[in-house]
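Participant: Below: sequence and its predicted model.
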Amino acid sequence: GTDEKKIIEILSSRTSEQRQQIKQKYKSLYSKDLEEVLKGELSGNFEKAVLALLDLPCEYEARELRKAMKGAGTDESLLIEILCTRSNKEIVNVKEAYKRLFDRDLESDVRSDTSGSLRKILVTVLEATRDETQEVNEELAVQDATDLYKAGEGRWGTDELAFNVVLAKRSYSQLRATFQAYEKVCGKNIEESIKSETSGDLEKAYLTLVSCAKDCPGYFATLLHKSMKGAGTDEDTLIRILVTRAESDLPAIQEKFQQMYKKSLAEAVRSDTSGDFRKLLLAILH
């Protein structure tokens with residue numbers, strides 16, 4: 001039999017780096033892949049979460065992206081959620097992991113699996129050239145806000161280039177200043193303009209970029225809440241966010257979740273999951 005309790009204890013209390021070392025050690029001791037062994041022993045969401053934890057976050061994200069594009073149809077929401085919320089370094093890491101795991105180029109796959117305006121913004125984001133300094137240039141904020149107004153509300157049809165450059169290249173602190181300036185210029189907030197000017201996946205991509213610039217933990221808290229709201233739970237989203245954010249902003253996401261929904265993320269997970277899967281997620285959230 002499998003000692004699930006031990007698996008939960010070991011995996012949830014180690015960093016991603018340490019879990020890589022455990023995998024290597026296991027391989028040298030038993031000449032077997034830990035993942036393969038566990039795949040044979042475990043099942044369902046518990047298995048999915050365990051395997052996710054055994055990947056480096058960038059590898060797990062690369063697998064998710066591949067899954068989103070492989071076969072017929074593309075899961076655009078997943079591409080947007082991963083690509084539009086990551087730092088430059090995270091994007092570079094996921095591109096490298098994608099190449100390493102699948103011997104394919106992430107940008108080429110994204111180009112061939114998306115089209116039009118969505119393709120343009122995702123390819124811009126994949127360049128990973130966002131400014132990551134903290135200083136805010138107020139003049140630039142006003143200039144960008146004006147450009148966005150002229151590109152959207154101020155004309156027939158939306159000029160996406162201006163949106164792409166500003167949303168994918170400016171630093172988060174710079175963008176926050178731009179959004180404030182935008183309200184002054186336009187008399188409504190940037191989200192309202194995006195909703196009235198764009199639709200579908202492009203709208204989703206822009207709103208995700210705005211949301212992350214304003215408050216990334218809040219963005220993930222909202223996604224987590226949605227994944228557990230109403231009938232049925234979207235376990236894939238739950239696993240994806242808890243596992244990939246565990247070593248970056250999970251504490252901030254938990255704090256935000258508490259503020260927004262007046263209950264802890266752990267409570268929400270506890271009431272929406274069960275068995276070993278629940279135990280593992282709660283251990284990650286400890």
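Facilitator: Great, that's in hand. Residues are numbered from 1 along each chain as shown.
Participant: So which bits of whichever strand or helix holds residue 120 are buried?
Facilitator: Here residue 120, judged by DSSP states H and E, is contained in helix 116-126. The neighbour-count check on helix 116-126 (16 or more other CB atoms under 10 Å) flags 117-126 as buried. Every C-beta, even on glycine, is put in place using the N, C-alpha and C of the backbone.
Participant: Then stretch 67-78?
Facilitator: Under the neighbour-count criterion of 16+ other CB under 10 Å, stretch 67-78 has 68-69, 74, 76, 78 buried.
Participant: again with stretch 200-218
Facilitator: For stretch 200-218, by 16+ other CB under 10 Å, it's 201-213, 215-218.
Participant: and residue 94, what does it touch?
Facilitator: If a contact means CB atoms under 8 Å, 6 or more residues apart in numbering, then residue 94 has 58, 61-62, 65, 82, 86, 106 as its contacts.
Participant: Point out where the stretch 151-286 of the chain drops to low pLDDT.
Facilitator: For the stretch 151-286 of the chain, the stretches with pLDDT under 70 are 156-158.
Participant: For it, which segments are assigned as helices?
Facilitator: Remark: helices assigned in the stretch 151-286 of the chain by DSSP state H, counting those that start in this stretch are 160-169, 172-186, 190-197, 200-228, 235-245, 250-261, 265-272, 275-285.
Participant: Can you pull the domain assignment for this protein?
Facilitator: Domains of the chain are assigned by automatic domain parsing as 138-198, 217-272.
Participant: Out of these, the one nearest residue 19 is which?
Facilitator: Checking the domains of the chain against residue 19 by CB to CB gives domain 217-272 as the closest, at 10.7 Å.
Participant: If I follow the layout properly, residue 77 ends up in contact with residue 207?
Facilitator: No. Residue 77 lies out of contact with residue 207 (CB atoms under 8 Å); the separation is 11.7 Å.
Participant: Can I get the buried residues of helix 116-126 in CSV including distance to residue 40?
Facilitator: Formatted as CSV, these follow (distance: CB to CB, whole Å):
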residue, distance to residue 40
117, 45
118, 39
119, 40
120, 44
121, 41
122, 37
123, 40
124, 43
125, 38
126, 36
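Participant: Among the residues you listed, pick out the one closest to residue 30, please.
Facilitator: Out of those, the member with the shortest distance to residue 30 (by CB to CB) is residue 126, at 38.7 Å.
Participant: Name the nearest residue to that closest one, ignoring sequence neighbours.
Facilitator: Once flanking residues are discounted, residue 126 sits nearest to residue 107: 5.0 Å by CB to CB, 6 or more residues apart in numbering.
Participant: Give me the neighbour count for the one you found.
Facilitator: Residue 107 sits with 14 neighbouring residues when counted by other CB atoms under 10 Å.
Participant: And for residue 25?
Facilitator: 11.
Participant: ok, now the one 4 residues further on?
Facilitator: By other CB under 10 Å, the residues close to residue 29 number 8.
Participant: How about residue 15?
Facilitator: Residue 15: 10 surrounding residues under other CB under 10 Å.
Participant: cool, residue 254 as well?
Facilitator: By the criterion of other CB under 10 Å, residue 254 has 19 neighbours.
Participant: what do you get for residue 189?
Facilitator: 14.
Participant: try the one 10 residues further on
Facilitator: Other residues near residue 199 number 10, with proximity taken as other CB under 10 Å.
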